[in-house]
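# sequence isn't available, so here's the structure alone:
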């Protein structure tokens, strides 16, 4: 996985983050990934996200049936305000058409199988918001066990020309 996909979204497993907050989030994720494992969701509570400057930029997803589906567990206030809607409790495949959903789900499934974070960048797939450029971090989390049961995504706006 890597390069530009059919949605003009860049997928970067090398984690070449431009936004310093996302670069710090990668280090934080790795610090809590013990012995090649996946960090526990408890390490990514409000206090930690606030210290990283990302409290308003996070979405948590429940992994359903090993990644067959993804349900939105939480959408941070900054992303809700930007999108104009709160999709908490909704399934991604019910919100988006296949051409938008599939690349998103593929990225999340990749993080599950690789057991590590992924960087993406592109423009939002929301009607009337396609002009908003973003950089995103996506990574698996556990909920007290060894296997990933959640995905954390942090999304920040970026300048359109930024790499």
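Alright, I've got the coordinates. The model shown is predicted, which means the values in this text are computed figures rather than measured ones. Residues are numbered from 1 along each chain as shown.
# quick one: the helices in the protein?
20-32, 46-51, 77-83, 92-95, 98-114 (DSSP state H).
# pull the residues that contact the last one.
Here helix 98-114 makes contact (CB atoms under 8 Å, 6 or more residues apart in numbering) with 1, 5-7, 9, 11, 13, 61, 63, 66-67, 70, 92-93, 95-96, 117-118, 120, 125, 138-140, 148, 151. (Each C-beta comes from the backbone N, C-alpha and C, glycine too.)
# could you flag which of those residues are buried?
By the neighbour-count criterion of 16 or more other CB atoms under 10 Å, those include these buried positions: 5, 9, 11, 61, 63, 67, 70, 92-93, 96, 117-118, 120, 125, 138-140, 148, 151.
# on that earlier part again, residue 134 is nearest to which of the helices of the chain?
The stretch from the helices of the chain with the least distance to residue 134 (CB to CB) is helix 77-83; that distance is 9.6 Å.
# ok, residues contacting that closest one?
Under the criterion CB under 8 Å, 6+ apart, residues 56, 57, 58, 59, 86, 124, 126, 129, 132, 155, 157 lie in contact with helix 77-83.
# then stretch 141-150?
With contacts defined as CB under 8 Å, 6+ apart, stretch 141-150 is touched by 37-42, 44, 60-63, 73, 111-112, 115, 140, 151-152.
# shaky segments in this structure?
1-8, 83, 125-131, 159-163 (pLDDT under 70).
# can you give me the strands in it?
For the chain, the strands identified by DSSP state E occupy 3-4, 10-12, 58-64, 69-75, 118-123, 133-141, 150-157, in order along the chain.
# in the third one, what counts as buried?
What that stands for is strand 58-64. 58, 59, 60, 61, 62, 63.
# that one pairs with which strands?
The partner list of strand 58-64 in its sheet, established with DSSP bridges, is strand 69-75 (antiparallel), strand 150-157 (antiparallel).
# got it, and the second one?
Each strand that pairs with strand 10-12, with its direction, by DSSP bridges: strand 3-4 (antiparallel), strand 118-123 (antiparallel).
# just the ones you listed: most buried one?
Per residue and on average, the most neighbours among the strands paired with strand 10-12 fall to strand 118-123, with a mean of 20 (mean count of other CB atoms under 10 Å).
# and it, how far out from the chain middle?
Here strand 118-123 shows a centroid-to-chain-centroid distance of 9 Å under the convention CA atoms, centre = their mean, to the nearest Å.
# circling back: got the buried residues of strand 58-64 as CSV, with distance to residue 49 columns?
Listed next are the buried residues of strand 58-64 as CSV, based on distance: CB to CB, whole Å:
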residue, distance to residue 49
58, 6
59, 12
60, 10
61, 15
62, 18
63, 20
